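Trainee: Sequence unavailable; structure follows:
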């Protein structure tokens, strides 16, 4: 939790929340209870290690995997974003 605490102190967590990011617990999918977290038809960008239909909700949920940097940059921009575009 040290990284998350540091991000909170630096204001990064608030920036992500303001952008509409949903920060889920750091754990394996089953342990975090991701099974039905998202509604049918949603598009998700996740930094999880695995992806298969139905893992994060109904089979119609579109899940794309990316690095934590890409996920954070994308949350800030509202679209899949190269993190180098927001690092300055």
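Mentor: That came through fine. The structure presented is a predicted model; accordingly, all values stated were derived computationally and were not measured. Numbering: from 1, shown residues only.
Trainee: List the buried residues in the helix or strand residue 5 falls within.
Mentor: Using DSSP states H and E, residue 5 sits in helix 2-9. By neighbour count with 16 or more other C-beta atoms under 10 Å, helix 2-9 contains the buried residues residue 7. No exception for glycine: its C-beta is placed from N, CA and C like everyone else's.
Trainee: Next, count neighbours for residue 64.
Mentor: 13 (other C-beta atoms under 10 Å).
Trainee: got the angle for the biggest helix by length in the chain vs helix 2-9?
Mentor: The longest helix of the chain (DSSP state H) is helix 68-77. Helix 68-77 and helix 2-9 are oriented at 30 degrees to each other (axes from the mean of the first three to the mean of the last three C-alpha atoms, to 10 degrees).
Trainee: rewinding a little: would you mind listing the buried residues in the very next helix or strand once past the helix holding residue 5?
Mentor: Note on helix 2-9: by DSSP H and E, the next helix or strand toward the C-terminus is helix 12-18. For helix 12-18, the neighbour count (16+ other C-beta under 10 Å) marks 13, 16 as buried.
Trainee: now do stretch 51-62
Mentor: 55, 56, 57, 61.
Trainee: and the residue sitting nearest the centre point of the chain, how far is that from residue 40?
Mentor: Nearest residue to the geometric centre of the chain (C-alpha atoms, centre = their mean): residue 46, 4.3 Å. Going from residue 46 to residue 40 by C-beta to C-beta, to the nearest Å gives 17 Å.
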